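Chemist: could you look at this predicted model? Sequence included:
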Amino acid sequence: MSPRRSHVPPFWLLFGAGGLLSALLGVALVLVTGFAVPLGWGLAAPDGLSHAQLVLALQPLWVRLAAWAVISLFAWHAAHRIFYSLHDVGIPKSLWARLACYGSALAATAVAGRILWSLGA
Amino acid sequence: MSRAPGSFQRGVQSDGATAEDGTGLVREKRARPYQRSMAGWWRRDPFFARYMLREATALAVMAYVVLLIAGLDHLAQGAAAWQQWLGFLRSGWSLVLHGVLLLAMLFHAYSWFEIMPKTLPNLYVGQHRVPAGAIQAGGWAAVALVSMLVWVGFRWSVS
């Protein structure tokens, strides 16, 4: 009989991919979306990035797929790390904790995908 | 005596007068040993505190995901909703929040590349093992490169 396979590796891979991606991109993305976009840094308009400009920038499918991958992998990374940290603050692992953590990541993936898809012309 | 749920339990004898341990031997009753509370364990050592701070960056990453999705949701609802979102982003609350997220992302990157030499397989150049410091420096170089690419890409895509 073959040994029972663990369900951990796929979640760990998503954690690792999201962790590397957020280490590489996190600082720059927060600077862009939290400061440059609303304050007009690096933009012609000082009153922030316009709706039309951003919708236009999101038209190519690869841009929306990249945005979807970034948001989803960030979410899976955070969910996995939060789940394994619950023990450290005295919350035992449970099915409910698992559902809450990984369910949040799944919800983020679904909602981001639906919105980004709808932004295509 | 109270113990935090899920806290570590040392090998404790049962409270019974004798305990049969499965080997057929009967052990004498021992007093229940002192157990230090696990409450606030991570404050006892700077190493533990750094570990908890590292793990807490996940909360910042998740909060950032929520902000990105909220922004996209406003964008999809039209120009008026997007202006409302920009107004929120310009508020003091948002700027402080993004400042905290920025620090958390910096610490996440720092801790991620600090551990990286231990999570990667051993790397060799010729006969020599690549030192941990070089891997960490490579990580920061990659952050600098990717950050410049993000900035150039942002400028290019909205021009």
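Modeler: Cool, the structure landed.
Chemist: identify the residues contacting the residue nearest the centre of chain A.
Modeler: The centroid of chain A falls nearest to A:Ile71 when counting by Cα atoms, centre = their mean (2.3 Å). Going by Cβ atoms under 8 Å, 6 or more residues apart in numbering or on different chains, A:Ile71 touches A:Ala108, A:Thr109, A:Ala112, B:Val65, B:Leu68, B:Ile69. The C-beta positions use only the backbone N, C-alpha and C, and glycine is treated the same way.
Chemist: switch to 6 Å and redo it
Modeler: For A:Ile71, the contacting residues are A:Ala112, B:Val65, B:Leu68, by Cβ atoms under 6 Å, 6 or more residues apart in numbering or on different chains.
Chemist: could you measure from the residue nearest to it when sequence neighbours are not counted over to A:Leu95?
Modeler: Ranked by Cβ to Cβ, 6 or more residues apart in numbering or on different chains and with sequence neighbours excluded, the top spatial neighbour of A:Ile71 is A:Ala112, at 4.3 Å. Distance of A:Ala112 to A:Leu95, computed by Cβ to Cβ, to the nearest Å: 25 Å.
Chemist: again, but for A:Pro60
Modeler: Separation of A:Pro60 from A:Leu95 (Cβ to Cβ): 41 Å.
Chemist: cool, and B:Leu72?
Modeler: Distance from B:Leu72 to A:Leu95, by Cβ to Cβ: 31 Å.
Chemist: same question for A:Ser6.
Modeler: Where A:Leu95 is concerned, A:Ser6 sits at a distance of 17 Å (Cβ to Cβ).
Chemist: residue ranges with poor pLDDT in chain B?
Modeler: B:1-29 (pLDDT under 70).
Chemist: and it, which of its residues are near chain A?
Modeler: Neighbours of chain A within chain B, by Cβ under 6 Å from any Cβ of the partner chain: B:4-6, B:55, B:58, B:61-62, B:65, B:68-69, B:72-73, B:76, B:79, B:82, B:86, B:89-90, B:98, B:101-102, B:105-106, B:108-109, B:112, B:142-143, B:146-147, B:150, B:154-155, B:157-158.
Chemist: follow-up on the earlier one: just how off-centre is whichever strand or helix holds the residue nearest to the centre of chain A within its chain?
Modeler: For A:Ile71, the host element (DSSP states H and E) is helix A:61-85. Helix A:61-85 has its C-alpha centroid displaced from the chain centroid by 3 Å (Cα atoms, centre = their mean, to the nearest Å).
Chemist: buried residues in the following helix or strand past that helix?
Modeler: Counting by DSSP H and E, the next helix or strand C-terminal to helix A:61-85 is helix A:95-118. Buried residues in helix A:95-118, counted by 16 or more other Cβ atoms under 10 Å in any protein chain shown: A:Cys101, A:Tyr102, A:Ser104, A:Ala105, A:Ala108, A:Thr109, A:Val111, A:Ala112, A:Gly113, A:Ile115, A:Leu116.
Chemist: show the backbone phi and psi for the most centrally placed residue in chain B.
Modeler: Closest residue to the average C-alpha location of chain B: B:Glu55 at 2.3 Å, with Cα atoms, centre = their mean. Torsion angles at B:Glu55 (phi, psi; degrees, to the nearest 10) stand at phi -70, psi -30.
Chemist: pull the contacting residues for it.
Modeler: Taking Cβ under 6 Å, 6+ apart, we find B:Glu55 in contact with A:Ser85.
Chemist: tally of neighbours for the closest residue to B:Trp41 other than its chain neighbours?
Modeler: Excluding its sequence neighbours, the residue lying closest to B:Trp41 (Cβ to Cβ, 6+ apart) is B:Phe48, at 6.7 Å. As a burial measure, B:Phe48 scores 14 neighbours (other Cβ atoms under 10 Å in any protein chain shown).
Chemist: check which helix or strand covers B:Phe48.
Modeler: Going by DSSP H and E, B:Phe48 is in helix B:46-76.
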